[in-house]
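Participant: Dropping a prediction and its sequence here:
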Amino acid sequence: MPDTVEEMCPEMPRLDKLLKDVNDVSESGARYSDMPQVIEVVLPMLCNYLSYWWEKGPENSPPDADCCTMVTSEHLSIILGNILKILNNNLGIEDAPWMKRIAVYSQPIICKAGAGLLRSHFLPTLKKLKKKTVKVVSEEELLKADSKGDNQEAELLILDEFAILCRDLYAFYPMLIRYVDNNRSRWLKEPNADSTELFRMVAEIFILWCKSNNFKREEQNFVIQNEINNLGFLTGEGKTQMSKSGGDQERKHKRRRGEYYSIQTSLIVAALKKLLPIGLNMCTPGDQELISLAKIRYSLKDTDDEVKEFLLQNLHIQEKSDDPAVYWQLNLYKDVVVTSEGPADSERTVDRIQSISAAVFHLEQWWEELNSLMAGGTKDVLNLSVEQGWDGSNEGAPLLHDGAMQRMISIVHDG
């Protein structure tokens with residue numbers, strides 16, 4: 001009888017060799033057709049294998065214990081980083097059914113991934129998706145403005161682009177949302193420019209989604225056609241039932257069309273609500289007042305540039321208060337410097353307040369639209385933002401204390 005597994009199964013691939021194969025695919029920019037076995041077989045196997053053995057590795061064992069494996073969170077971070085690179089390399093590809101599955105099998109490793117992936121992997125991928133979203137929505141607006149001739153063919157092309165965009169977003173957002181859940185408390189305790197940029201780009205995609213009925217319609221079509229259980233995904237249930245392979249439990253209950261998709265469970269909406277505490281984390285009472293004024297300007301159909309100009313002319317409101325508690329709080333926030341961003345200046349402050357104002361304004365518009373579709377609904381925006389944006393605990397969030405939470409409530413409700 002052989003003494004080791006290696007002797008018993010000489011054909012069994014070594015972990016380091018598999019990790020190298022995945023890394024080579026991600027670094028080379030190879031497409032699915034170049035190495036389909038890596039994406040279809042090796043990656044799903046590694047995600048399940050590494051997440052299982054990580055629990056039995058040195059990071060989860062007593063210091064003096066003998067471990068049967070040396071799998072650490074570093075291995076899981078490397079694999080997730082490679083998955084995000086492969087995804088980035090294939091964004092926009094027309095025929096890529098595997099992208100509908102990649103977010104499913106990556107779920108077990110996300111909770112152990114390192115915080116450093118935000119800057120190196122998540123932000124570049126999101127930036128590319130935001131750029132694509134801006135392009136498609138701009139093309140749609142130009143087409144609407146062109147009332148001459150027959151635009152039916154161009155309209156179909158736009159719908160195809162939206163369909164591919166939704167597929168790409170639904171390959172990336174499930175990983176992003178889980179990653180945000182795992183790191184939000186850290187970002188609230190230690191504000192940094194990267195998490196702020198993450199909020200800003202997610203908000204921009206959400207705003208473009210709000211402005212485009214075709215975007216919303218194609219997202220709904222994608223979810224229904226692929227039988228994606230968004231609600232189960234957002235609540236942490238059904239992590240392996242995101243694609244069209246529901247399993248026995250799914251087959252026992254044939255779901256109706258309306259059960260697959262509702263506007264409340266859109267991942268594009270959920271991502272913004274989960275990141276809203278990050279955007280509001282550094283808001284002072286003066287910022288709250290400016291946000292309320294900026295929302296009024298948006299309701300009057302002002303453009304982003306016009307709102308920025310208005311905010312620049314009214315920045316003095318930030319420090320205008322006779323309340324000693326407010327004055328104390330202003331001094332407290334002045335001493336907090338967002339990591340890697342440096343001291344605040346007028347331009348940066350205006351950009352920050354404008355992006356938050358636009359996000360909150362369109363979120364309220366979305367909620368009004370939802371109310372019109374759900375007459376007699378009992379939930380409010382606060383409940384939705386808490387359920388999908390902040391878990392309600394004060395753990396790790398000294399800058400989002402009760403006073404700041406009350407400001408968030410009033411901002412979300414103020415209409």
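Facilitator: Perfect, thanks for sending it. Residues are numbered from 1 along each chain as shown.
Participant: ok, and the closest non-adjacent residue to Ser266?
Facilitator: Glu219 (6.3 Å; C-beta to C-beta, 6 or more residues apart in numbering). The way it works is simple: take the backbone N, C-alpha and C, and place the C-beta from them, glycine included.
Participant: Which is the succeeding secondary structure element to the stretch of helix or strand the one you found belongs to?
Facilitator: Of the helices and strands defined by DSSP states H and E, Glu219 is found in helix 213-225. Elements were assigned by DSSP H and E; along the chain past helix 213-225, the next helix or strand is helix 230-234.
Participant: So which other helices or strands are in contact with that next one?
Facilitator: Using 3 or more C-beta pairs under 8 Å, 6 or more residues apart in numbering; DSSP states H and E as the contact test, the elements touching helix 230-234 are helix 152-189, helix 267-280.
Participant: Show me what the first one packs onto, helices and strands only.
Facilitator: Counting by 3+ C-beta pairs under 8 Å, 6+ apart, the packing neighbours recorded for helix 152-189 are helix 73-90, helix 102-105, helix 107-110, helix 123-145, helix 193-211, helix 213-225, helix 230-234, helix 267-280.
Participant: re earlier: nearest approach to Ser292 belongs to which of the helices and strands packed on helix 230-234?
Facilitator: Nearest of the helices and strands packed on helix 230-234 to Ser292, taken as C-beta to C-beta: helix 267-280 at 13.0 Å.
Participant: got the contact list for Met99?
Facilitator: 87, 90, 93, 167-168, 171 (C-beta atoms under 8 Å, 6 or more residues apart in numbering).
Participant: pLDDT below threshold where in the protein?
Facilitator: 1, 5-6, 147, 149, 232, 236-261, 318-344, 375-415 (pLDDT under 70).
Participant: care to break it down by domain?
Facilitator: What the record gives for the chain is the domain set 5-278, 283-335+343-413, from automatic domain parsing.
Participant: how close does Asn88 sit to Thr125?
Facilitator: For Asn88, the distance to Thr125 equals 5 Å [C-beta to C-beta, to the nearest Å].
Participant: Oops, could you answer that again for Asp64 instead?
Facilitator: 41 Å.
Participant: hmm, back to that, pick the most buried one from the helices and strands packed on helix 152-189.
Facilitator: helix 267-280 (a mean of 24; mean count of other C-beta atoms under 10 Å).
Participant: Packing partners of that one?
Facilitator: Helix 267-280 is packed against helix 152-189, helix 193-211, helix 230-234, helix 346-373, helix 381-389, helix 402-413, with contacts defined by 3+ C-beta pairs under 8 Å, 6+ apart.
Participant: Buried ones in the following helix or strand past that helix, by neighbour count?
Facilitator: Using DSSP H and E, the helix or strand that directly follows helix 267-280 along the chain is helix 285-299. Buried positions in helix 285-299, judged by neighbour count with 16 or more other C-beta atoms under 10 Å: 285-288, 290-291, 293-295, 297-298.
Participant: Other residues contacting the helix or strand that comes right after helix 285-299?
Facilitator: Counting by DSSP H and E, the next helix or strand C-terminal to helix 285-299 is helix 304-313. Applying C-beta under 8 Å, 6+ apart, the external contacts of helix 304-313 come out as 290, 293-294, 297-298, 302, 346, 350-351, 353-354, 357-358.
Participant: what's the closest of these to Thr235?
Facilitator: Ala358 (28.3 Å).
Participant: Now do the residue lying closest to the closest one once chain neighbours are set aside against Val360, distance only.
Facilitator: In this structure, Ala358 finds its nearest non-sequential neighbour in Ile207, 5.9 Å apart by C-beta to C-beta, 6+ apart. As judged by C-beta to C-beta, Ile207 and Val360 stand 11 Å apart.
Participant: Which neighbours do the two have in common?
Facilitator: Common contacts of Ile207 and Val360 (C-beta under 8 Å, 6+ apart): none found.
Participant: What lies in contact with stretch 19-29?
Facilitator: By C-beta under 8 Å, 6+ apart, stretch 19-29 touches 30, 34-35, 38-39, 42-43, 46, 75, 78-79, 81-83, 85-86, 89.
Participant: swap in stretch 77-94?
Facilitator: By C-beta under 8 Å, 6+ apart, stretch 77-94 touches 19, 22-23, 25-27, 29-32, 39, 43, 46-47, 50, 96, 99, 102, 106, 109-110, 112-114, 116-117, 120-122, 124-125, 128-129, 132, 164, 168, 171-172, 175.
Participant: Got a quick ChimeraX command for the buried subset of the residues you listed?
Facilitator: Buried residues among these (16+ other C-beta under 10 Å), as a ChimeraX selection:
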select :19,22,25,26,30,32,39,43,46,47,50,96,99,102,106,109,110,112,113,117,121,122,125,128,129,132,164,168,171,172,175
